[in-house]
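1. show me the folded form of this:
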Amino acid sequence: MSTTKLNSMTISERITESERFHLAAECETFPPEIIAIVLGVSLSWLQKKRCEGGGIPYSKIHYRKIVYRKSDVISYINSQITNSTSQYRAV
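-> The predicted structure follows:
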């Protein structure tokens, strides 16, 4: 398993990055590692959603640099709200 920035972050660093996300302006962008922390998902889940679709809109700044806008992350979270388990749709 390769070491990523996410794997090497302490819990304290993760909390700090999560707080930075929540305090940021809606137009600010964040790398996948920070979005994974905020959503509690893996980097591979974000990558899978980028490939398959149905995930959070993103920008590919460079062939190796992907960023997510805070407003798009918040919109994605809000779109996942349901009132009961019968409303859940398999993804």
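2. let me see the contact set for the residue nearest the centre of the chain.
-> Note on the chain: the residue nearest the mean C-alpha position is I35, at 2.7 Å, using CA atoms, centre = their mean. By CB atoms under 8 Å, 6 or more residues apart in numbering, the contact set of I35 is F21, L46, I56, Y68, V73. (Glycine included, C-beta is placed from N, CA and C.)
3. what's the neighbour count on the first one?
-> This points to F21. Counted with other CB atoms under 10 Å, the burial measure for F21 works out to 18 neighbours.
4. mind listing the strands for this structure?
-> With DSSP state E as the criterion, the chain has strands at 29-30, 59-62, 65-69.
5. to M9, which of the ones you listed lies closest?
-> Between M9 and those, the shortest gap by CB to CB is with strand 29-30, which sits at 13.7 Å.
6. and that closest one, how far out from the chain middle?
-> Once both centres are worked out by CA atoms, centre = their mean, to the nearest Å, strand 29-30 turns out to sit 9 Å from its chain's centre.
7. cool, thanks, signing off.
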